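A.B. asks: What would the 3D arrangement of this be:
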Amino acid sequence: MITIYFDGLCYPKNPGGVAAYGYLVYRDGEPIWRGFGGVGEGRGMTNNVAEYEALMAAARWLVDEGIDDKIVIKGDSELVIKQMKGQYKVSSATSKKYVPEIKRLLDGKDVSFSWVPREENEEADRLSRRGYESYLRHKKEAANQFERR
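C.D. replies: Next comes the predicted model:
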């Protein structure tokens, strides 16, 4: 069985900060993959965008790896989990952008979604912070290269 934990953040302000995400994948309780990244910053960046980007990255990983096991996806975003389960209406522009694409990626897979409290999602939270730090580091490196020209 595959278990995925995902998380996202928008820091230092929501909305409008830097959106970043993290996710981790376990097979039968053993970690097999960790992913993280930055989404962007400023206008349009929110915690929800970051959460959906985390889930999208995890779904793409499942497709790329050809995973056909039973999959349980866990996150601490009640909105994302309930929208993916069909319990909440998909009405915002953000949800309308992400939910259909994630469902398309997961189509045909044996997937269930489960909300977990923040305390049970700490490693995914740490990975989202790594995504934030990585985004800032790459931005700084790009600025330094521009200044050297």
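A.B. asks: What is the neighbour count of the closest residue to Lys85 other than its chain neighbours?
C.D. replies: The spatial neighbour of Lys85 that comes closest, neighbours along the chain excluded (Cβ to Cβ, 6 or more residues apart in numbering), is Phe113 at 5.1 Å. Using the backbone N, CA and C atoms, a C-beta is placed for each residue, glycine as well. Residues lying near Phe113 (other Cβ atoms under 10 Å) number 20.
A.B. asks: Can you get me a residue count around Ala58?
C.D. replies: So Ala58, with other Cβ under 10 Å, has 28 neighbours.
A.B. asks: and it, that's in a strand?
C.D. replies: No: secondary structure of Ala58 (DSSP: H, G, I helix; E, B strand; the rest coil): helix, not part of a strand.
A.B. asks: Test my guess that it contacts Phe36.
C.D. replies: No: under the criterion of Cβ atoms under 8 Å, Ala58 is not in contact with Phe36, lying 10.9 Å apart.
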